[in-house]
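Novice: Make a model of this:
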Amino acid sequence: MDNWCIIPARGGSKAIPRKNIVELAGRPLIAYTICAALVAKTVSRVIVSTDDEEIAQVARYWGAEVPFLRPADLARDDSPTLPAIQHAVGFLEKSELRSPGLITLLQPTSPFTRPDQIDVAVSKIVSDETADAVTTVLEIDHVNHPYNVRVGKSYGYVDFFMPQEHYKYPTRQSKPTFLRFGNLYVVRRNTVMDAGSLFGQHCIPSIVDLPSCFDINDSADLQIAACMIDARVVDPSYCVRRKDA
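Specialist: Down below sits the predicted model:
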């Protein structure tokens, strides 16, 4: 099944100027995501959607396709991801007269998504005809578990958001598992283009580890990511420019 990987990477960013191409361990940030998609066995093509010519040049250098520049109205600070993905697919379908069966969405701000995680997610949706999408998820740790969340009260005190559940499940071992969304989506083409969703009605989870979900939002995150590479917490050895790129 034809699987197009689309990486949205707009030019504007506030906390880290030019964030998508800022250097991380000697490589532009977006290179990690591009390389992961290129190495994945289940990805047919890798496309970067950007409104910025410099990002486009960097993306092409590292092996991605950049067949268009995204319209400015789809690249604002408050622009959601879905319309950018729909624009990319619609543009290519009209210009090439072909369509993907699957769309993989990767975020360049999550540089440690591994190629094998992409392949696992794709295999899950391919093997389940009823699934509209697959998304990576991460188990929520004890400290951040919903049953431990406290909320401020109008009288100046705090209390548990769900006090009955908190006291019913007092230990880490007894609490039911909760998941939060990770960094990778694999979605059927019709779910994105016809239903207008990245999840659909039936979204399968694919559990991944914490380091691979690390998301870079500010300069501190960038420094932590560099330390993760230096300490070999992650191994982005697949991030190498292909000679034919």
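
Novice: tell me the domain ranges of the protein?
Specialist: Listed by automatic domain parsing, the domain ranges of the chain are 3-140+179-230, 142-176.

Novice: first vs last residue of the first one, how far apart are they?
Specialist: By that I understand domain 3-140+179-230. 33 Å (CA to CA, to the nearest Å).

Novice: Give me the distance from that domain to the chain's centre.
Specialist: Here the centre of domain 3-140+179-230 is set off from its chain's centre by 5 Å, with CA atoms, centre = their mean, to the nearest Å.

Novice: so which of the domains of the chain gets nearest residue 238?
Specialist: Judged by CB to CB, the one of the domains of the chain that comes nearest to residue 238 is domain 3-140+179-230, at 4.7 Å. Using the backbone N, CA and C atoms, a C-beta is placed for each residue, glycine as well.

Novice: Who are the contact partners of residue 76?
Specialist: If you count contacts by CB atoms under 8 Å, 6 or more residues apart in numbering, residue 76 has them with residue 12.

Novice: next structured bit after the longest helix seen in the chain?
Specialist: Ranked by residue count, the top helix of the chain under DSSP state H comes out as helix 81-96. Downstream of helix 81-96, the first helix or strand assigned by DSSP states H and E is strand 102-106.

Novice: List the contacts of residue 91.
Specialist: Contacts of residue 91 (CB under 8 Å, 6+ apart): 67, 68.

Novice: What distance do you get for it to residue 12?
Specialist: 21 Å (CB to CB, to the nearest Å).

Novice: is it true that residue 131 touches residue 122?
Specialist: No: Residue 131 is beyond contact range of residue 122, at 11.2 Å (criterion: CB atoms under 8 Å).

Novice: Compare the two and say which one has the larger neighbour count.
Specialist: Each of residue 131 and residue 122 has its neighbours counted (other CB atoms under 10 Å); residue 122 has more, 23 against 19.

Novice: OK, contacts around that one?
Specialist: Applying CB under 8 Å, 6+ apart, the residues near residue 122 are 3, 40, 42, 43, 102, 104, 134, 186.

Novice: Quick check: chain neighbours aside, which residue is closest to the residue nearest the centre of the chain?
Specialist: Nearest residue to the geometric centre of the chain (CA atoms, centre = their mean): residue 183, 3.2 Å. For residue 183, ignoring the flanking residues on the chain, the nearest one in space by CB to CB, 6 or more residues apart in numbering is residue 110 at 3.7 Å.

Novice: Next one: the one you found, what pLDDT does it get?
Specialist: Note for residue 110: predicted pLDDT of 96.

Novice: do you know how far it is from residue 130?
Specialist: For residue 110, the distance to residue 130 equals 28 Å [CB to CB].

Novice: So those two - more neighbours on which side?
Specialist: More neighbours surround residue 110 than the other of residue 110 and residue 130, with 21 against 8 (other CB under 10 Å).

Novice: Got phi/psi on the more buried one?
Specialist: Phi and psi for residue 110, reported as degrees, to the nearest 10, are phi -110, psi 80.

Novice: Please look at it and residue 217 and confirm they touch.
Specialist: No: the pair residue 110 / residue 217 is not scored as a contact, 10.6 Å apart, by CB under 8 Å.
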